[in-house]
Structure formats: C-alpha cells, structure tokens
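1. sequence-free structure coming up:
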C-alpha cells in the first residue's frame, strides 16, 4: 500500500471517528448511546451481532448491558453474568486480564476450550451454552476492551457468520469503542446526577416531614424523640412514653444515656439520613428498665439535632423467631418419616431384587407406622391452628377419669418400648367434668412425652387423685428433668429445649401447648414439677361434678 492510499484511508478514519464522536455525544440517555453505537458499527465494521458487557471488579462478574443480533435488539438479562476466569480461560476474561483486544477468526474451535464458558444467542433470544451438538452461529469475533483511566471496565464483542476480521477493522472498531465508552460515562454521570438530585429532594422532604411531625404530632403511632448536639433529649412524644414507660416530664432535658441504657453505643449503629440520602431503618435491642425491647429506628439530622423515630417490634421479632424455629422443627420432624416411607416404597417397587414375605411385611409396616407419624404431625399443626382461631368445639360432661387413664395407658403400652414400664394407679369411680375425647388426647400427649424422655429401665406412672373441688391427674417419669427456668416455657407454642434436635427426642413443639389450651378450655389448669436429673411430674386439674 503506498503512502497516498494509506494517508487517504487515515483521513477517512479520522473523519469517521470525528463524526461518530459528535453523534454519540448528542444524547445523554444511556440506551440511546448504545443504539447509536450499534448504528455506527453497522456502517464501519461488518458484523451479525454486537454485545456490550461491563465488568464489576468487586464481584468479579461480567454482565451484559447491550445485545444486538441479526437486526434485533435483545433483552440483556437473557445472557447470564459470567465469573471472571483469572487464568485467562474464555475470550472475554482473556481481554479483561490482558487489557488487549482479541481477534478470533476460528470461533468454532475456540469454544471447544474447556477453560472458558461460551454462549450462543439468536435474534429470537434463544440461548444455548457452547459447545453442544451444533456449532456456534458465528465464525469470527472481535473482542475489544473498554477502559477507564487505564483499567478494563468492560468488553465489546463483534461477531460475524462468515467474514474474517483483520487488523484494520480491529483498529477502527477500537476507535469507536473508545468513543462509545466516553459517551457511556457521560450518560451515566448524568443519570447519577439526576438520581442524587432526586434522592436529595426526597431526603430533604423526609427530614422536614419527620421534624415537623416530632414538633406537632402527638398522636402518631411511632415514638419520636430528638437528641441535641450535647446528647440531651429535647422531645418525647406520647408514643415514646407508651413504648418505654418513661413519662415526658421525666426525660426531656436529661442525657439520653440516663433514659435508655447504653444509648451512646446504640446511636452509633443507627444510620443518620443527611441531605443527599434516604433514611434507612435499623432494628436494635434496647434495654429499658431491665427489659429488652427490639426497636426499629429511623434517624434524620435536623438543624437542632437528630430526630429519631422508633417502633416497637418486640412482639413481631418473637413471632418471627418462633416461626423460624417452627419451620426448622417441622422440617426436621417430617424428613425422617418421609424418607422412611419413600425408601420403603422404592424398595417394594424394585423388580431387580427378590423380597421374601417377611421382609415385604416389614416394609409395609414401616410405611404404615411412618405414615401414621406424618398424620399425627399434620393433626397437631391443624389442631393448634384451630385452637388459635378459637373454633374448636369442647364438650362438657361427667367423665370417669379412672377409666380414661386406664384406657390411655393401655393404648400407649402397645407402642412403648419394652425397656420402659408404663402403669396406671387410678382408683375406680374418680369423676370429673370435661370432654372425654380431649381429656384422652391430653393423657396420650403427656404419656407419650414421659415415655420418650424415660431412660432404659425407667418407670412411667399415671394416677388420678381427687380433692374437694377438683381431680388431679399426674404423669410421673424418671427422665432428664426440666430446669425451673424452663418449666413455664415448655407449654408455649413451638418451644423446644433443644432446637437443634441434638439431645432430646423429636417433636413439633406443639404437644404441650395443645395440652395447656385443651385443659384451660375445660376449666382446668396444668403444670409441671421437676428437677434436672430427677424426672418430671406433669399434672392437670379438672373440676369435679
């Protein structure tokens, strides 16, 4: 090529890039910058597809920002983010690691390299991972780094089905990519400025609204206080009084640390909304007069100090913890019987092994037993739900407690292990008032617990003891016992002394809760006497006729 031809082409290239720079910088909308870049490429470098990706060095991910294939613009989200291969495997990763462009005129061979991850996408957006049973839809590719201040921040890919790329096309494409990168930065700076302005306006409006509310609104449900630069409380609304139990006249003017224990430490964990940011809530434990409250705080800086609003989420947090524990417990309880049923059923269905009658019977009995356990768990959950809703019918009639005790013991003896002795010590003719079915349900639950917690060789005794106005039924075991601190808690819903299921028998944590609710609805009371290591005596009283 002679100098005149080379100079002519150089002038054309310079003119093209100058026109491209003007065209790209006429808009500050990011999507239109990408569209115009695609238009410029169509006239400058042959291609069937173009993909613009950005690289996040903190996450190590390469994500698609713009995709165009065979005349159709695609949703970038259809192309999954790719992790950077720091060993240089994969064409995009190689460009990011080296900072150098990559010209590849044999893509079908390149995608066979197992060190990289490759995808092919058509104009309808159908994505397939390469290599697969069909070759990729392109023959050649140009991979060009997008740089900012010397660092690679993205990659532009040009692809063609038949054309072989050369260095001259690569140089021209590099020039256009550089212009596109500058235009993209300008568009993003513009978007960021607009976003910051909007956020600043929202923060200012929020701060003004909260400060005004702290001054004039006493009926709001959230507690509102203001702490001045010296750390003293300058405002305390009615909701703050109700949440903390501290009257306004007792706190206004005092240091916040004197009213709320360790306030200085707590305040450092509460994000304070400034002019250009939105207020963000945070939930923290706060000790108030020896009790722990979980309060959700929002803080806004005002000219006179920091305005805090807080909401009591103690009950909500307790419910969330109970819900989480219940889901974990229920999942644990369901897993064992479901696994057993599934394993036994699959064994019975196998046609490549011979099962004798005895083994087949054992598997069927296992399915029946574990199916019964699943039914019991389901019934416990449904019954607890009905008790919570208050729509469970409870009858009231004269019942022979001694007969019910004997029947419950006999029923439970069939399933109790031979290593545990189970007996009834109830005299005949002991009567009470209640629902016979529900009384038996309470007995079965208490006996089942006693047997589960009994050691080998242990004894469980059930007895009915009448008094002047009531009859007490006691279930006595020789198990591990219960500490005094837990004796009230064991009757709460979902309570388990060992949530990780490491040292106590399984259960949903609903059995004793159901017993308590049923006994209370029959006009009785329930409790436990126990010492760790000395067994337990669970009892319930029912009125006499």
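-> Done, it's in. Computed from a predicted structure; not experimentally measured. Residues are numbered from 1 along each chain as shown.
2. Residue 68: which element?
-> Applying DSSP states H and E as the criterion places residue 68 in strand 61-69.
3. Now do the buried residues in that strand.
-> For strand 61-69, the neighbour count (16 or more other C-beta atoms under 10 Å) marks 62, 63, 64, 65, 66, 67, 68, 69 as buried. (Glycine included, C-beta is placed from N, CA and C.)
4. What's the first helix or strand after the lowest-mean-pLDDT helix or strand in the chain?
-> Within the chain, no helix or strand scores below helix 3-24, which has a mean of 66 by mean pLDDT, DSSP states H and E. Sequence order places helix 30-44 as the next helix or strand after helix 3-24, per DSSP H and E.
5. Give the buried residues for that next one.
-> Of the residues in helix 30-44, 30, 33, 34, 36, 37, 38, 40, 41, 44 count as buried by neighbour count, 16+ other C-beta under 10 Å.
6. can you list the residues that contact it?
-> 16, 20, 23-24, 26-27, 47, 50, 52, 65-66, 68, 73, 158, 172-173, 176, 180, 183-184, 187-188, 191 (C-beta atoms under 8 Å, 6 or more residues apart in numbering).
7. List buried residues within those residues.
-> 16, 20, 23-24, 27, 47, 50, 52, 65-66, 68, 158, 172-173, 176, 180, 183-184, 187.
8. re the thing from before, strands paired with the strand holding residue 68, and their directions?
-> Applying DSSP bridges, strand 61-69 is found paired with strand 49-56 (antiparallel), strand 72-74 (antiparallel), strand 82-83 (antiparallel).
9. so, if you compare the buried residues of strand 61-69, which one comes nearest to residue 525?
-> Nearest to residue 525 among the buried residues of strand 61-69, counting by C-beta to C-beta, is residue 63 at 63.5 Å.
10. What distance do you get for that closest one to residue 107?
-> To residue 107, residue 63 is 21 Å away according to C-beta to C-beta, to the nearest Å.
11. what does residue 77 give?
-> 24 Å.
12. All the helices of the stretch 301-450 of the chain, in order from the start?
-> Using DSSP state H, counting those that start in this stretch, the helices found in the stretch 301-450 of the chain span residues 314-349, 357-389, 401-413, 436-452.
13. Quote the end-to-end distance of stretch 249-266.
-> For stretch 249-266, the first-to-last residue distance is 23 Å (C-alpha to C-alpha, to the nearest Å).
14. Can you list the neighbours in contact with that stretch?
-> Here stretch 249-266 makes contact (C-beta under 8 Å, 6+ apart) with 225, 227, 230-236, 244, 246, 267, 284, 286-288.
15. Could you do stretch 527-544 as well?
-> Contacts of stretch 527-544 (C-beta under 8 Å, 6+ apart): 401, 431-434, 439, 442, 446, 449-450, 453, 466, 468-483, 487, 490, 515, 519, 522-526.
16. one step back: of the strands paired with strand 61-69, flag the one that's most buried.
-> For the strands paired with strand 61-69, the largest average neighbour count (mean count of other C-beta atoms under 10 Å) is found in strand 49-56, namely a mean of 21.
17. how far does it sit from the chain's center?
-> Its chain's average C-alpha position is 31 Å from that of strand 49-56, according to C-alpha atoms, centre = their mean, to the nearest Å.
18. how many degrees apart are it and helix 30-44 in direction?
-> Interaxial angle, strand 49-56 versus helix 30-44 (axes from the mean of the first three to the mean of the last three C-alpha atoms, to 10 degrees): 140 degrees.
19. now strand 49-56: mean pLDDT?
-> If you average the pLDDT over strand 49-56, you get 90.
20. Identify all contacting residues around it.
-> Residues from elsewhere that reach strand 49-56 (C-beta under 8 Å, 6+ apart): 34, 37-38, 41, 61-70, 79, 84, 92, 96, 121, 138, 146, 152-160, 180.
21. circling back to that earlier point, now the buried residues of helix 30-44 in CSV, please, with extra columns for pLDDT.
-> Formatted as CSV, the buried residues of helix 30-44 follow (pLDDT from 0 to 100):
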residue, pLDDT
30, 84
33, 84
34, 86
36, 84
37, 83
38, 83
40, 83
41, 82
44, 81
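22. For residue 280, state which of the residues you listed is nearest.
-> For those, the residue nearest residue 280 by C-beta to C-beta is residue 30; the value is 26.7 Å.
23. Tell me the secondary structure at residue 152.
-> Three-state call for residue 152 (DSSP: H, G, I helix; E, B strand; the rest coil): strand.
24. What residues sit buried inside the helix or strand where residue 297 lies?
-> Element membership for residue 297 (DSSP H and E) is strand 291-302. For strand 291-302, a neighbour-count test (16+ other C-beta under 10 Å) marks 293, 294, 295, 296, 297, 298, 299, 300, 301, 302 as buried.
25. residues contacting the first one?
-> In other words, residue 293. Residue 293 neighbours (C-beta under 8 Å, 6+ apart): 243, 244, 285, 286, 287, 312, 314.
26. again, but for the third one
-> Contacts for residue 295 (C-beta under 8 Å, 6+ apart) come out as 223, 243, 283, 284, 286, 310, 311, 312, 313, 314.
27. Tell me how far it lies from residue 265.
-> Counting by C-beta to C-beta, the separation of residue 295 from residue 265 is 14 Å.
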